[in-house]
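A.B. asks: I'd like to go over a predicted model; first the sequence, then the structure.
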Amino acid sequence: MNLIATPSPHCGNSQRRIISCRFAAPLLIVLALLFQPAPAACGEKEPVAKKTAEGLLTTTEEMIENLILQIDNQNAHTPERIELADISNPTPFSESIPSIRPLNGPISSEFGMRVHPIRRTTLFHAGVDISVSSGTKVLATGDGVVSFAGWEGGYGQKVTITHGYGFRTTYAHLSKAIVRAGQRIHRGDIIALSGNTGMSTGPHLHYEVMKNGVHVNPVAYFDGSPEKMMTDKNDPEKTDNNS
């Protein structure tokens, strides 16, 4: 429809201009609203790009990049765990049994009942503490599959290996886990670096051995005395398991 095309032939030029302006003005208003930036037209706050002085992000690309960094940071602190009741004994028993020391160093706290160094109460210590400096290489004590690698409470950074034949070992207070959950490893492989994370009073490795779901004395596998594996101190109700 022509908005300004049908004035009377008797109308002068001034009348034509009045008619033209009467219909053109609303059209200009509509166009102005359509092309005005949405935040201003809708009464919202100014675009983010105008508020850099307040430390806000300036572009959509930066917002997306920031979200990706947040996700990566969260993933870096998320432990990797594979729930394995046991592995199907893929290697001979002699290779799966945790029969070596995870690292060399003096035992600073033995397996069994003790006064917890932080809680100051008598609790069961489910492993042994081996005193070493942070960053010492930690070895897998038998063939198996990594079933956990990450942070867990008082243990700090820890690695758990399921070996088969009912054996499971835990290495705690690490500064860094080198392996990933699901990774198959062999005795003597470097799996982590020792540290002082979690509930710990100083750099050391907390090392545990479980047999068929029961904590046993790891030292039994160090000195060839299997009779030490099962004692009346095994798995009482209260355990510290953290240092």
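C.D. replies: Cool, the structure landed.

A.B. asks: quick one, strands of the chain?
C.D. replies: 80-81, 107-109, 112-115, 122-125, 128-131, 137-139, 144-151, 157-164, 167-177, 184-185, 190-194, 204-211, 214-216 (DSSP state E).

A.B. asks: can I get those strands in a markdown table with mean neighbour count, distance to residue 96 and mean pLDDT?
C.D. replies: (Each C-beta comes from the backbone N, C-alpha and C, glycine too.) Formatted as a markdown table, the strands of the chain follow (neighbours: other CB atoms under 10 Å; distance: least, CB to CB, whole Å; pLDDT from 0 to 100):
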| stretch | mean neighbour count | distance to residue 96 | mean pLDDT |
| --- | --- | --- | --- |
| strand 80-81 | 16 | 21 | 54 |
| strand 107-109 | 17 | 24 | 92 |
| strand 112-115 | 14 | 25 | 80 |
| strand 122-125 | 18 | 25 | 84 |
| strand 128-131 | 21 | 20 | 96 |
| strand 137-139 | 18 | 15 | 98 |
| strand 144-151 | 22 | 6 | 97 |
| strand 157-164 | 25 | 4 | 97 |
| strand 167-177 | 24 | 6 | 97 |
| strand 184-185 | 17 | 11 | 96 |
| strand 190-194 | 22 | 15 | 98 |
| strand 204-211 | 24 | 12 | 97 |
| strand 214-216 | 20 | 15 | 95 |
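
A.B. asks: can you redo the ones you listed as CSV with distance to residue 101?
C.D. replies: Below are those laid out as CSV (distance: least, CB to CB, whole Å):
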stretch, distance to residue 101
strand 80-81, 25
strand 107-109, 10
strand 112-115, 19
strand 122-125, 18
strand 128-131, 8
strand 137-139, 8
strand 144-151, 16
strand 157-164, 15
strand 167-177, 12
strand 184-185, 16
strand 190-194, 12
strand 204-211, 9
strand 214-216, 15
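
A.B. asks: between the ones you listed, which one is nearest to residue 92?
C.D. replies: strand 157-164 (9.7 Å; CB to CB).

A.B. asks: what packs against that closest one?
C.D. replies: Secondary-structure packing of strand 157-164 (3 or more CB pairs under 8 Å, 6 or more residues apart in numbering; DSSP states H and E): strand 144-151, strand 167-177, strand 190-194.
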